[in-house]
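A.B. asks: My questions concern the predicted model and sequence given below.
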Amino acid sequence: MRGCGCTPHPCIPTGVSRFQDWFLMASQRSRPLPGYHGPPTYGSLLLLLVEKVCQPGRKPQRLDENVVLYQEWELDACVDAALLEASMDRVNELPFTYQQLRIFKCKLDQLYPLGYPESLIGHLGYFFLEMTPEDIHKWNVTSLQVVKSLLIISKGREMDEQVAMLVKRYVAGGGHLDPDTVQDLATFLPIYVCSLSPELLGHVQESVIWKIMPQHLVGCSLQQKDALYLKARQAFQHLNGSEYLLKIQPYLDRASTEDLRDLIGRNLTVNVTTLKLLQPAAVKPLTVLEMQRLLGPNLPELKAETGASPIREWIISKPQSDLDKLGLGIQGGIPNGYLDLHIPD
């Protein structure tokens with residue numbers, strides 16, 4: 001029988017020198033090894049190490065308190081993965097150690113190398129806490145009830161990445177979260193936000209918006225960013241100038257012209273790096289004076305980025321005479337005496 005092989009048994013060594021040490025320790029035990037009579041010999045210990053076979057009468061037909069007393073190598077050798085799958089309720093009820101649970105997980109991983117079926121996922125219970133994001137990535141979850149039950153189990157247990165992957169797999173399979181479930185997600189780090197539809201993002205609590213970091217927005221669509229930007233403006237509207245800018249900055253790539261003018265009206269300035277993230281359609285209508293006020297002390301940085309969007313689009317839409325007033329030597333504006341005839345797309 002092939003052992004689980006997830007991690008070496010803590011009582012069975014993996015090297016020759018360690019095996020010799022283990023033999024000296026084991027040879028002093030008064031109780032015979034399972035399946036052997038008399039004190040352990042070097043040969044019997046080596047055979048046990050190599051074979052790890054289940055001894056007669058030790059293969060359980062059901063999970064009960066006796067199995068809890070099995071040594072880890074016995075669990076590996078004697079407990080069948082199909083029995084575990086059929087007995088997940090007992091796995092959660094009985095006081096198995098973390099090491100024993102890892103052996104059980106390894107057996108189930110071997111039974112389902114391509115990912116657990118939903119029939120098993122729905123019965124994992126607290127065994128879900130043993131899962132990694134990589135495990136969950138293999139799953140096909142279609143039941144909202146399963147998602148909800150696993151969210152309840154995960155609360156307060158540092159399962160943010162696992163929960164994010166669970167939501168991602170559910171949505172990727174065509175599942176639709178409801179507003180109540182979105183509310184339940186509020187207790188986890190918002191790694192999951194890019195998995196929610198723009199409509200559901202409207203139900204996200206403001207407390208979640210406060211926890212969002214720039215890296216959490218990577219992978220969001222423009223529609224998702226639009227929804228999050230509206231939520232962020234609402235959540236941060238009562239902050240003072242510098243605090244507001246700090247919190248709203250990750251969302252500014254979805255700001256409108258009026259939003260930028262609002263920043264100008266609040267005497268808030270951005271650097272050219274942030275300017276380059278803005279939508280050309282939002283930046284282009286700004287006057288030269290408004291651009292000067294938006295950049296503030298960062299205005300000299302504009303000269304080195306005249307070829308970057310949206311700065312390029314802004315420059316070619318402005319009279320050269322207005323650009324000259326900046327004193328930066330920026331060229332490319334509308335020559336004096338010409339009109340900018342804007343033709344709608």
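C.D. replies: Arrived safely. Residues are numbered from 1 along each chain as shown.

A.B. asks: List the buried residues in stretch 182-201.
C.D. replies: Going by neighbour count (16 or more other CB atoms under 10 Å), the buried part of stretch 182-201 is 182, 184-185, 188-196, 198, 200-201. In short, each C-beta sits where N, CA and C put it, glycine included.

A.B. asks: Could you tell me which of the residues you listed belong to helices?
C.D. replies: With helices defined by DSSP state H, the entries of those inside them are Val182, Asp184, Pro198, Leu200, Leu201.

A.B. asks: quick one: contacts for the third one?
C.D. replies: Same thing as Pro198. The neighbours of Pro198, taking CB atoms under 8 Å, 6 or more residues apart in numbering as the test, are Ser221, Gln223, Gln224, Asp226, Ala227.

A.B. asks: Emit the ChimeraX select command for whichever of these are buried.
C.D. replies: One line in ChimeraX is enough to select the buried ones among the contacts of Pro198; burial here means 16+ other CB under 10 Å:
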select :224,227
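
A.B. asks: for the residue lying closest to Val91 once chain neighbours are set aside, what are its contacts?
C.D. replies: The shortest distance from Val91 to any residue that is not its chain neighbour, by CB to CB, 6 or more residues apart in numbering, is 5.7 Å, and that residue is Phe127. When contacts are counted by CB under 8 Å, 6+ apart, Phe127 is found next to Met88, Val91, Asn92, Leu101, Phe104, Lys105.

A.B. asks: farthest-separated two in these?
C.D. replies: In the contacts of Phe127, two members sit farther apart than any others by CB to CB. They are Asn92 and Lys105, at 12.9 Å.

A.B. asks: Does Glu134 lie in a helix or a strand, and which?
C.D. replies: Take DSSP states H and E as the rule and Glu134 turns out to sit in helix 133-137.

A.B. asks: Run through the chain and note the low-pLDDT ranges.
C.D. replies: Counting by pLDDT under 70, the chain shows low-confidence ranges at 1-52, 337-345.

A.B. asks: Now do the domain split for it, please.
C.D. replies: Each structural domain of the chain that the record assigns through automatic domain parsing is listed here as a residue range: 201-251, 255-345.

A.B. asks: could you dump these to JSON lines with distance to Lys148?
C.D. replies: As requested, these are arranged in JSON lines below (distance: least, CB to CB, whole Å):
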{"stretch": "domain 201-251", "distance to Lys148": "15"}
{"stretch": "domain 255-345", "distance to Lys148": "36"}
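
A.B. asks: Tell me which of those lies nearest to Asp64.
C.D. replies: Distances from Asp64 to each of those were compared by CB to CB, and the smallest falls on domain 201-251, at 43.5 Å.

A.B. asks: Any idea how far apart the tips of that closest one sit?
C.D. replies: Domain 201-251 stretches 14 Å from its first residue to its last (CA to CA, to the nearest Å).

A.B. asks: Look up how far Asp135 lies from the residue nearest the centre of the chain.
C.D. replies: In the chain, the C-alpha nearest the mean C-alpha coordinate belongs to Glu161, at 3.7 Å (CA atoms, centre = their mean). Between Glu161 and Asp135 the distance, using CB to CB, to the nearest Å, works out to 11 Å.

A.B. asks: Alright, I will stop here.
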